[in-house]
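Student: here's my sequence, what's the structure:
(one chain, ligands or ions: 2)
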Amino acid sequence: MADIIIKNVYVLTMDSYELTQGVVVIENGTITEVAESTEQDADQIIDAKGSVVMPGFVNTHTHAAMTLFRGYADDIPLDEWLKNYIWPAEEHLTDEDAYIGTKLACLEMIKSGTTSFADMYIHMNDVAQAVKDSGMRAALSYGLIDLGENRSADVELSKGKQFVLDWKGEAEGRIITMYGPHAPYTCSEGFLSKVKKEANHDRVGIHIHVLETESELNQMKQQYGMCSINLLDRLGFLGPDVLAAHCVWLSDDDIEILRGRGVHVSHNPVSNMKLASGVAPVPRMLDRGVNVSLGTDGCASNNNNLDMFEEMKTAALLHKVESLDPTVLPARQVLEMATTSGARALGIKSGVLREGYNADVIIVDMNKPHLTPVYDIHSHLVYSASGSDVSTTIVDGRILMQDYEVVCMDEQDVLDRARTAASGLVERAKF
Ligand SMILES: O=c1[nH]cnc2c1ncn2[C@@H]1O[C@H](CO)[C@@H](O)[C@H]1O
Ligand SMILES: [Zn+2]
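Tutor: Ligands and ions are numbered 1, 2, ... in the order given. Okay, here's the model as predicted:
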């Protein structure tokens, strides 16, 4: 007897085939059958007529607890935003704030069809606890910074390491840990080398911001006489264990290095547009065979939410207008970036509906005015749908939201606690 059967749905496998009418069978956290019909029975049958079943989205770059800063400091360049607003405010963030901010992020992600995400932040024990309690899957890292006042490289590294070891494989394997050196402009080269060594030793990945802004490019050239990619490569830092967020200011040579080293890129178009960071050369990266996934970045630098539908649509539109070519980044390719490529970047067996893969699955309700009629499912998902069209979200075979009802947490309680936490934070930080 299986656990769940989803039937009467369009099955968007993100594999080499699709089924206009089919079933997905789930047992023990895993997809056990994807077919036109099944002989099996299950504890729970979900008849989702008129819907699409597909892999849940993988958001490969965010700072989940920054939901508490949603809309707090908008319309400012990155340097100023971080130095004058965000970093001073983060000084006042408590463990409890990080917990409830992450819980709010998980709630928002579950409701908009994201089943896993990569996070880099502070107060990571509380972030991890919120992930564990919410039922989501995540690749978590403590954001390491050794440059600047009151920073000690040794203390930072040991905090990062402790987190990596304490939470690796926790929550029945839903939590993966990584090292999170913040960026080449906030970490010294010696520190970056040490982090790489520890990551190799602990057999975990590395999550880092790379060449997000032109000001980073200029600073690196001034300081090292080369860009961040060249510096990281010289340090032996780059490899398939590295998840590089943003990668906006890349030369063709940099793209070749990323491809050669097998680095995974997280493209964050909305954040890059809002902070006016620039346009990442995504079509060129994809042409060369770099694995490019999608991320929202934190809620404060994004538009200001965690909706991967918005991220997909923005990615598709941005690169069309940038290249003056409407054939660039077609809908199906964007869907791949948001699902399979993201799963590959995190090294998780999700992002595709295939036997033996994690049951990280969402159901999108197509019985809506703005999704009628349907000629091409891919087009609708990228250009017409939004997070609020997701009716059901399943992670690791467990239903977190069914028929628009969140069952893994008390939604109203999370909203109330998040409001209270945010007003306390404002009070303490006096911003
Ligand atoms: O877009 C961004 N670029 C660089 N840093 C960021 C961005 N968004 C958030 N953070 C900062 O990264 C640290 C992670 O631990 C946090 O301080 C967070 O505010
Ligand atoms: Zn970021």
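Student: could you use CA atoms for every contact and neighbour count after this?
Tutor: Noted.
Student: my read: residue 171 touches residue 132, true?
Tutor: Yes - Residue 171 is within contact range of residue 132, at 5.4 Å (criterion: CA atoms under 8 Å).
Student: what's opposite residue 119 in the beta bridge?
Tutor: Counting by DSSP bridges, residue 119 forms beta bridges with residue 62, residue 140.
Student: count of residues packed around residue 95?
Tutor: Using other CA atoms under 10 Å, residue 95 has 15 neighbouring residues.
Student: and what of the one 4 residues further on?
Tutor: By other CA under 10 Å, the residues close to residue 99 number 24.
Student: and the pLDDT at it?
Tutor: pLDDT for residue 99: 98.
Student: so it versus residue 133, what's the distance?
Tutor: Taking CA to CA, to the nearest Å as the measure, residue 99 falls 10 Å from residue 133.
Student: and for residue 18?
Tutor: Computed as CA to CA, the residue 18 to residue 133 distance reads 34 Å.
Student: residue 229 now?
Tutor: For residue 229, the distance to residue 133 (CA to CA) stands at 37 Å.
Student: compare these two (neighbour count), which wins?
Tutor: Between residue 229 and residue 133, counted using other CA under 10 Å, residue 229 has the larger neighbour count: 25 against 14.
Student: ok, and the closest non-adjacent residue to the more buried one?
Tutor: residue 254 (6.1 Å; CA to CA, 6 or more residues apart in numbering).
Student: and residue 355, what does it touch?
Tutor: Contact analysis of residue 355 by CA atoms under 8 Å, 6 or more residues apart in numbering lists 30, 31, 32, 33, 34.
Student: from residue 26, how far out is it?
Tutor: Plainly put, residue 355 is 9 Å away from residue 26 if you go by CA to CA.
Student: now the common contact residues for these two.
Tutor: Taking CA under 8 Å, 6+ apart as the criterion, residue 355 and residue 26 both touch 32, 33.
Student: OK, contacts around the spatially most central residue of the chain?
Tutor: By CA atoms, centre = their mean, the mean C-alpha position of the chain lies nearest to residue 59, the distance being 2.0 Å. By CA under 8 Å, 6+ apart, the residues touching residue 59 are 114, 116, 117, 118, 294, 295, 296, 308, 338, 342.
Student: what about 10 Å?
Tutor: Neighbouring residues of residue 59 by CA atoms under 10 Å, 6 or more residues apart in numbering: 109, 114-119, 138, 266-268, 293-297, 306-308, 311, 337-339, 342-343, 346.
Student: what's the answer for residue 409, then?
Tutor: Taking CA under 10 Å, 6+ apart, we find residue 409 in contact with 103, 106, 107, 133, 134, 135, 400, 401.
Student: make a markdown table from these and add pLDDT and distance to residue 50 to it.
Tutor: Listed next are the contacts of residue 409 as a markdown table, based on pLDDT from 0 to 100; distance: CA to CA, whole Å:
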| residue | pLDDT | distance to residue 50 |
| --- | --- | --- |
| 103 | 98 | 31 |
| 106 | 98 | 27 |
| 107 | 98 | 25 |
| 133 | 98 | 31 |
| 134 | 98 | 28 |
| 135 | 98 | 27 |
| 400 | 98 | 21 |
| 401 | 98 | 18 |
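Student: buried subset of these?
Tutor: Buried subset of the contacts of residue 409 (neighbour count, 16 or more other CA atoms under 10 Å): 103, 106, 107, 134, 135, 400, 401.
Student: the third one: which element?
Tutor: In this case it means residue 107. Residue 107 is part of helix 95-111 when elements are defined by DSSP states H and E.
Student: which pLDDT value belongs to the residue of the stretch 151-300 of the chain found nearest ligand 1?
Tutor: Nearest residue of the stretch 151-300 of the chain to ligand 1 (CA to the nearest ligand atom) works out as residue 298 at 5.4 Å. Note on residue 298: pLDDT of 96.
Student: same thing with residue 82?
Tutor: Model confidence at residue 82, given as pLDDT, is 88.
Student: and what of residue 431?
Tutor: 59.
Student: repeat that for residue 79.
Tutor: Looking at residue 79, its pLDDT reads 88.
Student: any idea how far ligand 1 is from it?
Tutor: Distance, residue 79 to ligand 1, by CA to the nearest ligand atom, to the nearest Å: 8 Å.
Student: quick one: what helix or strand has that residue in it?
Tutor: Residue 79 belongs to helix 78-80 when elements are defined using DSSP H and E.
Student: I'd like the next helix or strand past that helix.
Tutor: helix 87-90.
Student: and that following helix, what does it pack onto?
Tutor: Secondary-structure packing of helix 87-90 (3 or more CA pairs under 10 Å, 6 or more residues apart in numbering; DSSP states H and E): helix 411-429.
Student: off-centre distance for the helix it packs on?
Tutor: 24 Å (CA atoms, centre = their mean, to the nearest Å).
Student: just the buried residues of that helix, please?
Tutor: Using 16+ other CA under 10 Å as the burial criterion, the residues of helix 411-429 that qualify are 414, 415, 417, 418, 421, 422, 425, 426.
Student: who does the helix or strand of the chain with the lowest mean pLDDT touch, helix- and strand-wise?
Tutor: Taking mean pLDDT, DSSP states H and E as the measure, the chain has helix 78-80 as its least confident helix or strand, at a mean of 88. For helix 78-80, the packing partners by 3+ CA pairs under 10 Å, 6+ apart come out as helix 214-224, helix 269-274.
Student: of those, flag the one that's most buried.
Tutor: Across those, averaging neighbours per residue (mean count of other CA atoms under 10 Å) puts helix 269-274 on top, at a mean of 23.
Student: show the subsequent helix or strand relative to that helix.
Tutor: That would be, after helix 269-274 and using DSSP H and E, helix 282-288.
Student: that following helix packs against which elements?
Tutor: Here helix 282-288 is seen to pack against helix 252-261, strand 264-267, strand 291-294, helix 308-323 when contacts are counted using 3+ CA pairs under 10 Å, 6+ apart.
Student: so which of those is the most surrounded?
Tutor: Compared across these, strand 264-267 shows the largest average neighbour count, a mean of 30 (mean count of other CA under 10 Å).
Student: right, is it up against ligand 1?
Tutor: No - Strand 264-267 stays clear of ligand 1 (CA under 6 Å from any ligand atom), getting no nearer than 11.5 Å.
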